[in-house]
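Q: quick one: sequence and predicted model below, then my questions.
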Amino acid sequence: MSEIAATIATDLLAIQAVTLRPNAPFTWASGIKSPIYTDNRLTISYPEVWQHIASGIAAIIKRDYPETEVIAGVATAGIPHAAWVAAELHLPLIYVRSKPKDHGAGRQIEGVLKPGEKVVMLDDLISTGGSVLQAAEAVQAAGGLIQAVGSIFSYGLDAATRNFAAAKLPLFSLSNYSELIKVARDADYINDDELASLHAWRQDPEHWDAQA
């Protein structure tokens, strides 16, 4: 486990941005039962945690995508993180709505994006990747060249891997589900039986049985 992945996992658990509840699962909008609930919006109220996130993402972009010219935030949860990262890297910021405004100029992208500019898109969480890939299509339609999509946290689901592969876009996350549940077990947030259940959900979310 990388140092930043462990730090972010610890942070998210400490501020209860992530809740693990394998014995009383949440229900997602899709109907899938899930032992985890994530609300990374909470991170913006904790300056030290938020600093870890911005610095971590900025470091990855500098290392892996040094030609990046624009940072894009996915509305709404990705915007504050994209803003801090853009400031750290001294790069322009844009943000992308889920759909064009139905009034005014009808923009979907706010800020200045010139055709051919290289963009890294940021969101707070990746589950299947549907919403951020939709935003990526809008940037591409406007002439932006997406270098990668980044997030604070990813569930690491196979569906996301397939969706990003189909879109031919690289994905990076500061931390992920597998690393978070290891940190949670090491810190005694969960016991061995709960850890096994959490691993089982990751392997087959659609058929996972919370009682198994």
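A: It's in.

Q: just for the chain, where's the confidence low?
A: 1, 101-106, 211-212 (pLDDT under 70).

Q: give the buried residues for the longest helix along the chain.
A: Identified as the longest helix of the chain according to DSSP state H is helix 47-64. Applying a neighbour-count criterion of 16 or more other CB atoms under 10 Å, one finds 49-50, 52-54, 56-58, 60-61 buried in helix 47-64. Where you see a C-beta, it was placed from the backbone N, CA and C, and this is true even at glycine.

Q: next SSE after it?
A: strand 70-74 (DSSP states H and E).

Q: and that following strand, which strands flank it?
A: Using DSSP bridges, the strands paired with strand 70-74 in its sheet are strand 93-96 (parallel), strand 118-126 (parallel).

Q: the longest helix of the chain: how far from the chain's middle?
A: 13 Å (CA atoms, centre = their mean, to the nearest Å).

Q: repeat for stretch 139-150
A: Averaging C-alpha positions (CA atoms, centre = their mean) puts stretch 139-150 16 Å from its chain's average.

Q: what do you get for stretch 90-102?
A: Using CA atoms, centre = their mean, the offset of stretch 90-102 from its chain centre is 17 Å.

Q: and what of stretch 149-168?
A: 9 Å.

Q: all the strands of the chain, in order from the start?
A: Ranges of strands in the chain, per DSSP state E, are 18-20, 26-27, 33-34, 36-38, 70-74, 93-96, 109-110, 118-126, 145-154, 171-176.

Q: what comes up buried for the first one?
A: Within strand 18-20, the residues that qualify as buried by neighbour count (16+ other CB under 10 Å) are 18, 20.

Q: partner strands of that strand, parallel or antiparallel?
A: Counting by DSSP bridges, strand 18-20 is paired with strand 36-38 (antiparallel).

Q: quick check: buried residues in the strand it pairs with?
A: Here strand 36-38 shows 36, 38 as buried, counting by 16+ other CB under 10 Å.

Q: ok, now stretch 191-210?
A: Applying a neighbour-count criterion of 16+ other CB under 10 Å, one finds 194-195, 197-198, 200-202, 205, 208 buried in stretch 191-210.
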